[in-house]
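Trainee: return a 3D structure for these sequence lines:
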Amino acid sequence: MSIDPFERVQLGRASVDVSRLGLGVAALAGLFREVTDEEAAVALEHAWSAGIRYYDTAPYYGYGLGERRLGQMLEGRDHGGFTVSSKVGRLILPIAQIEADPSLEPDRPTVDIPGFDPREGYFKGTTDERPVFDFSYDGIMRSLEDSLQRTGLDRIDILWVHDPDAHWDQAISGAIPALVALREQGVVSAIGVGMNNAGVLTRFVREAELDAVMCAGRYTLLDQGALDDLFPACQERGTAVVAAGVMNSGLLANPHPDSKYDYAPAPPALLARALAMKDLCRRHGVPLRAAALQFVFGHPLVVSAVIGARKIPHVDDAIASLQRQIPAQLWDDLRSEGLLPEDVPTP
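Mentor: Below is the predicted model:
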C-alpha cells in the first residue's frame, strides 16, 4: 500500500486539520549544521509548491530562526490553506540577559558528542540569543506572543508544550491551564504536549484535556515504546497522535557507523538492527526510509508524520517514500526475522 502525503485529516476532535506529511523546520534552523537563509527559503518554498500544508516549528529551533524563516515563506499566503504548530516552554532571550539573571534557567543540553559545545547548543549559525525554560502561565502567554511576532502570522493553530520532562509541576499547573484558556478563547485550535518521553506523555494525556500529542522517536521501526501505555491512554481519551522523529535522529534514514540515535551516537545493537532492516527492505526493493515513514501510519491513532529536511531532495524523498507501494510481505518478513514484534500494527 501507499500513503497520500497531501491528504488533510482532522486532528482528533479539534477544529483543525493537518496533512499526512508535515514538515518540521528544526533542520532548516541549523540543527547540527548551519543552513543559510537562502538554503532554507528554497527548501521551504519547494515544500509548499510540492503540496505540503502542515508545518511544525518552535522557538527552540535555531533560537527563533526557525519561526522567522517559516513566517517569511508563509507571508502573504491565505492562512486557511495551511496549518502551523509551534511550541511553548522555552523563551528566547539575549545571552547577556541570561548571564546577568541567576533566576533564569538556561537550556544547555549535555550530550557526549565530540566537538559539541553545550553553550552553543544543537543549533548552528544562530544569533546572540539562547533558550531558557519557562513553563509558567505567564511564560506561555509571552512565548505565544513572541512566536506570533517572529512568524508574522495572525495565529498559531496548534501549540505543543515542548519537552517538559523535568518540569512536570510547572507545566501541569502553569502551561496546561494557559493552553486550555487559549483554546477556550479561540486563540488556538488545538493543544498538546510534544516530547520523546512516552511515560511523561502518558501522564499528561491522563491528567489534561489534550487534543493531541507529538510523540518523538518512541513510535518507530526501532522503538515501539509508545504502545505500552501512551497509545492505550490516547485511545481511551480520544487523543490524536502526530509522529515525529520517525527516523530516530537519522539512524533509520541511512544507518552507518556514524549514525545518531536520539541525537547521540547510535548504540551498536541498534545500528546492527537498523542495518538488518535495511538489508531486508533492499530485498523487497524498498528503501528503509520509505518503510520507516510508512510504518507509523499502521496505527490508527497516528494522523500525521512530521519529517525534517534541509534540501529539496530531502523533501522530495519524503513525499516519494509515502507514495511508494510497499508489499505486505515486507512487514511479514520483518516479523518473521525478529526485527519487528509480532503484535505491532503495520500498514
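Trainee: for stretch 283-297, measure first residue to last.
Mentor: 22 Å (CA to CA, to the nearest Å).
Trainee: buried residues, it. List them.
Mentor: Val286, Pro287, Leu288, Arg289, Ala290, Ala291, Ala292, Leu293, Gln294, Phe295, Val296, Phe297 (16 or more other CB atoms under 10 Å). (Each C-beta comes from the backbone N, C-alpha and C, glycine too.)
Trainee: can you redo those residues as TSV with pLDDT?
Mentor: Output for these, formatted as TSV (pLDDT from 0 to 100):
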residue	pLDDT
Val286	98
Pro287	97
Leu288	98
Arg289	97
Ala290	98
Ala291	98
Ala292	98
Leu293	98
Gln294	98
Phe295	98
Val296	98
Phe297	98
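Trainee: so which of those residues comes closest to Val242?
Mentor: Val296 (9.6 Å; CB to CB).
Trainee: what helix or strand is the residue found closest to the closest one once you drop the neighbours it is linked to in the chain on?
Mentor: Of all residues not flanking Val296 in the chain, Ala243 sits nearest, at 4.1 Å (CB to CB, 6 or more residues apart in numbering). Following DSSP states H and E, one finds Ala243 within strand 240-244.
Trainee: for that strand, what is the average pLDDT?
Mentor: For strand 240-244, mean pLDDT rounds to 98.
Trainee: re earlier: show me the buried residues of stretch 283-297 that map onto helices.
Mentor: Leu288, Arg289, Ala290, Ala291, Ala292, Leu293, Gln294, Phe295 (DSSP state H).
Trainee: residue contacts, the fifth one?
Mentor: What it means is Ala292. The contact partners of Ala292, by CB atoms under 8 Å, 6 or more residues apart in numbering, come to Thr220, Leu221, Val246, Met247, Leu252, Ala253.
Trainee: who's sitting farthest from the centroid in the protein?
Mentor: Ala100 (32.1 Å; CA atoms, centre = their mean).
Trainee: and it, what's its pLDDT?
Mentor: For Ala100, the model assigns a pLDDT of 97.
Trainee: measure it to Ser15 for me?
Mentor: To Ser15, Ala100 is 43 Å away according to CB to CB, to the nearest Å.
Trainee: now do the strands in this structure.
Mentor: Per DSSP state E, the chain carries strands over the ranges 8-10, 17-19, 21-24, 54-56, 83-88, 90-94, 129-133, 158-162, 190-195, 212-216, 240-244, 260-261, 264-265, 302-308.
Trainee: need the residue closest to the centroid of the chain.
Mentor: Geometric middle of the chain (CA atoms, centre = their mean) lands on Ala244, at 4.0 Å.
Trainee: sheet-wise, list the partners of the helix or strand of the chain with the lowest mean pLDDT with their directions.
Mentor: Within the chain, no helix or strand scores below strand 264-265, which has a mean of 84 by mean pLDDT, DSSP states H and E. Using DSSP bridges, strand 264-265 pairs in its sheet with strand 260-261 (antiparallel).
Trainee: what does the partner strand rub up against?
Mentor: Residues contacting strand 260-261 (CB under 8 Å, 6+ apart): Leu222, Asn248, Ser249, Gly250, Leu251, Ala266, Pro267, Leu270, Leu271.
Trainee: state the distance from the fifth one to Asn196.
Mentor: This points to Leu251. 14 Å.
Trainee: who's more crowded, those two?
Mentor: Neighbour count, other CB atoms under 10 Å: between Leu251 and Asn196, Leu251 has more, with 27 against 21.
Trainee: who are the contact partners of the more buried one?
Mentor: Leu222, Ser259, Lys260, Tyr261, Ala266, Leu270, Leu271, Ala274.
Trainee: if we go to 10 Å?
Mentor: 217, 220-222, 259-262, 265-267, 270-271, 273-275, 288, 292 (CB atoms under 10 Å, 6 or more residues apart in numbering).
Trainee: please apply the same query to Leu70.
Mentor: By CB under 10 Å, 6+ apart, Leu70 lies in contact with 23, 25, 28-29, 40, 44, 55-57, 61, 84, 86, 150-153.
Trainee: relative to Ala328, which of those residues is nearest.
Mentor: Leu23 (28.5 Å).
Trainee: who's in contact with that closest one?
Mentor: Under the criterion of CB under 10 Å, 6+ apart, the contact list for Leu23 reads 43-44, 47-48, 50, 52-57, 70, 306-309, 314-315, 318.
Trainee: ok, now Arg77?
Mentor: Trp48, Leu153.
Trainee: can you pull the pLDDT of it?
Mentor: pLDDT, Arg77: 97.
Trainee: where's it relative to Arg20, distance?
Mentor: When Arg77 is compared with Arg20 (using CB to CB), they lie 20 Å apart.
Trainee: what does Gly298 give?
Mentor: As judged by CB to CB, Gly298 and Arg20 stand 13 Å apart.
Trainee: the two: which is more packed in?
Mentor: Arg20 (19 against 14).
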